[in-house]
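S.K.: okay, here's the prediction I keep looking at, along with the sequence it came from:
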Amino acid sequence: MPLNEEDWKAKLTPEQYRILRQKGTEAPFSGKLLSEKRPGLFKCAACGAELFSSEHKFESGSGWPSFYDIGKSDAVKLKDDNSHGLMRVEAVCRNCGSHLGHVFDDGPADKTGKRYCINSVCLEFDPKDQSK
Ligand code: FE
């Protein structure tokens with residue numbers, strides 16, 4: 001059953017609620033997953049859907065976790081976002097509709113050329129089990 005906004009408030013931290021449900025942005029260089037370099041999966045902090053993989057993570061210098069591709073195709077929905085007088089592309093979790101960040105065209109040219117600029121608080125890291 002889809003959660004209503006009161007449910008989300010109860011489930012998420014105030015910071016997560018502000019960003020995931022109200023399209024906020026965390027302060028650059030504040031996120032705990034910015035420097036995460038272990039192999040693993042990055043899941044939606046709101047619903048647990050698999051979104052990004054460490055395979056595509058790169059150091060963009062922007063201060064937000066950056067990926068040049070989606071980990072699981074179709075997991076992330078792209079939407080035009082014309083707020084704040086800017087023409088940007090918003091990245092949203094397809095499963096739960098939560099805001100994740102934005103997509104820019106200045107990613108690595110030898111890969112996709114895309115930069116998925118994602119708020120760390122919108123993600124949960126699931127390190128790959130090295131024993132398997
Ligand atoms: Fe989600």
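M.R.: Right, received. Where do you want to start?
S.K.: the lengthiest helix in the chain - what's its average pLDDT?
M.R.: When the chain is parsed with DSSP state H, its longest helix is helix 5-11. For helix 5-11, the mean per-residue pLDDT is 95.
S.K.: do the same with stretch 100-114
M.R.: 98.
S.K.: cool, and stretch 44-52?
M.R.: 97.
S.K.: now find how far off-centre that stretch is within its chain.
M.R.: 8 Å (Cα atoms, centre = their mean, to the nearest Å).
S.K.: now check that stretch, is it near the ion?
M.R.: Yes: interface with the ion: stretch 44-52 contributes C44, A46, C47, A49 (Cβ under 5 Å from the ion). C-betas here are computed from N, CA, C, even on glycine.
S.K.: name the residues that touch the next helix-or-strand element following the longest helix of the chain?
M.R.: Downstream of helix 5-11, the first helix or strand assigned by DSSP states H and E is helix 14-16. For helix 14-16, the external contacting residues (Cβ atoms under 8 Å, 6 or more residues apart in numbering) are E26, A45, A46, V121, C122.
S.K.: redo that, cut-off 7 Å
M.R.: For helix 14-16, contacts defined as Cβ atoms under 7 Å, 6 or more residues apart in numbering pick out A45, V121.
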